[in-house]
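Attaching a predicted model along with its sequence, questions to come.
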Amino acid sequence: MEAATVVSFTMAVLSVGYRDRINLDRSSGSLELMNLDLTDSGQYTVTILTPEAVSVEENTKLEVYEPISGAIITTSPNPPIIEGNSVNLTCDASGSIITREWMKDGQLLSAGGNLTISEDKRVLSINPVKRTDSGEYLCRVSNLVSTADAKDILLVKSEDSLSPVLPARALTGIVIGVLLVVGGAVSVAVFFIRKNGTNAEPMHQGGSQQLVYENTSPVYENTSPVYENTSPVYENTRQNQSPRP
């Protein structure tokens, strides 16, 4: 790329884009550049012509960095994370990212075992994921002028810990019905009532084969005592008699 003149002392000319942004010390020849922009990065050359008509030239390189902000860790797949599967933690941020480093519970991580780190250290992969991989993960993103941290809690669950029967939505309550049968036998049925359903759906019950449907009405506890009917039941042994003519 062809070099562009920033300032010419002898002609007192400033290039477009640098006006009102530089100060030139005529005694020392030093240049102050203000309101830096990323496009200001590059190599700068100063040329000085001595009274003896000798040209002296020096070069310097300027790197402008954008402060880092908005650091975040994204987990894929979304929780719950099941033991034995794989999980990726991705670290992103805005700004001029120079380095990334990963930590777990305050300890620096490196690739090995079930851990893989991408070349740019943006993605931490765990395969297979274990229960012991649960913990707080930190990604530290930095450059020469700023540092930002992102944290995420990883919770690894065993497949057995996930309930295959109950729905994800919470149960409103449990209703226990007591059925009294002649002869003193007592049968107990347990009904699970789910909340916020759109349609009535059969749920699970114990002690009966009858289907139980969702009840969206409030469930109240019956605090009245339930007594067993202990009165004797007598069998009618009288024979039917023919009516008199």
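Arrived safely.

domain assignment for the protein?
Domain ranges of the chain: 7-62, 69-161, 165-230, per automatic domain parsing.

what's the spacing between residue 68 and residue 147?
To residue 147, residue 68 is 7 Å away according to C-beta to C-beta, to the nearest Å. Glycine gets a C-beta too; all of them are placed from N, C-alpha and C.

So the two - more neighbours on which side?
A direct count of neighbours by other C-beta atoms under 10 Å for residue 68 and residue 147 places residue 68 higher, at 21 against 13.

In contact with that one, which residues?
Residues near residue 68 by C-beta atoms under 8 Å, 6 or more residues apart in numbering: 93-97, 141-143, 146-148.

Which members of the residues you listed are classed as buried?
93, 95-97, 141-143, 146, 148 (16 or more other C-beta atoms under 10 Å).

Farthest pair within those?
Using C-beta to C-beta, the two most remote members of the buried ones among the contacts of residue 68 are 96 and 148, lying 11.6 Å apart.

Give the buried residues for stretch 149-159.
Here stretch 149-159 shows 150, 154, 156 as buried, counting by 16+ other C-beta under 10 Å.

in this protein, what spans have low per-residue confidence?
By pLDDT under 70, the weakly predicted segments of the chain are 1-14, 162-245.

how about a cut-off of 90?
1-32, 37, 39-40, 44-58, 159-245 (pLDDT under 90).

gap between the two ends of stretch 117-131?
20 Å (C-alpha to C-alpha, to the nearest Å).

buried residues in that stretch?
Counting neighbours by 16+ other C-beta under 10 Å, stretch 117-131 gives 117, 121-126, 129 as buried.

can you redo those as CSV with secondary structure and distance to residue 102?
Output for the buried residues of stretch 117-131, formatted as CSV (DSSP: H, G, I helix; E, B strand; the rest coil; distance: C-beta to C-beta, whole Å):
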residue, secondary structure, distance to residue 102
117, strand, 7
121, coil, 7
122, coil, 10
123, strand, 10
124, strand, 5
125, strand, 11
126, strand, 11
129, coil, 15
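
would you list the residues you listed in CSV and tack on distance to residue 31?
Putting the buried residues of stretch 117-131 into CSV (distance: C-beta to C-beta, whole Å) gives the following:
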residue, distance to residue 31
117, 42
121, 36
122, 37
123, 42
124, 44
125, 47
126, 51
129, 55
